[in-house]
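>>> just need the structure, nothing else, for what follows:
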Amino acid sequence: MKGKLKTIELTLISMFIVLIAIGANITTIAPFLVVGGVPITLQTFFAILAGLVLGSRLGAITTSAYAFIGFVGLPVFAQFMGGPGILLKPTFGFIISFIIAAWVAGKMVSKSKTIPMFIAAALTGTAINYLFGTNWLYFSYKFWAEAPEGFSYGMAWLWMMPPLPKDIILAVVAGLLAYRLKTTVLSKGQFKQLKLDA
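Sure, this is the predicted structure:
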């Protein structure tokens, strides 16, 4: 039984890694998902969903594995990028933030399995993504990347305002979807024996 459960865990982890990778490049696959110049990417959505659905432990493992396979060269990041060079990209902080966001979101819903908590956890994960990613962006431009003329901390945050409304909406959707999955599909059969709240 133990081996069987490990197989299920690996399957779920692999599935979410693929979803995050697809979400990172959804506008390349479906270019019509750009509204008013703002791309509706689903990378953060699936990273947070992994934490909500799989729990803090598997959620963090999933997002860590996603970051690792991209780092070693598989083209799973936005614009089908991959490789060690991503470390020097100003946006790499957003990828690292997925690990923290998934872990925190998973921890929150392990304490209370209500719809409001699932939504709050997803919104918290989104806030972590913005805080960590934007601060990394700012410091990278200050210390090692070539910053645009007149770049400032305020400008870094100004860049994040256009996608904010859609990310808030997607966070609410992630919370509702995760709650639905946890109370239906993942509460039956072999999934019942998985420790998805750990």
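
>>> my guess is Trp144 meets Leu88, correct?
Yes - assessed by C-beta atoms under 8 Å, Trp144 is found in contact with Leu88 at 6.4 Å. Where C-beta positions appear, they are placed from N, C-alpha and C, glycine not excepted.

>>> give me the common contacts of these two.
With contacts taken as C-beta atoms under 8 Å, 6 or more residues apart in numbering, Trp144 and Leu88 have no neighbour in common.

>>> nearest spatial neighbour of the residue sitting nearest the centre point of the chain, chain-adjacent residues omitted?
Nearest residue to the geometric centre of the chain (C-alpha atoms, centre = their mean): Ala47, 2.4 Å. In space, and not counting its chain neighbours, Ala47 is closest to Phe98: 3.8 Å by C-beta to C-beta, 6 or more residues apart in numbering.

>>> mind giving me the packing neighbours of the one helix or strand the one you found maps to?
Using DSSP states H and E, Phe98 sits within helix 92-111. Contact here means 3 or more C-beta pairs under 8 Å, 6 or more residues apart in numbering; DSSP states H and E; on that basis helix 92-111 packs against helix 43-71, helix 115-143.

>>> tabulate these (CSV), appending distance to Ala102 and mean pLDDT.
Formatted as CSV, the helices and strands packed on helix 92-111 follow (distance: least, C-beta to C-beta, whole Å; pLDDT from 0 to 100):
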stretch, distance to Ala102, mean pLDDT
helix 43-71, 3, 96
helix 115-143, 7, 97
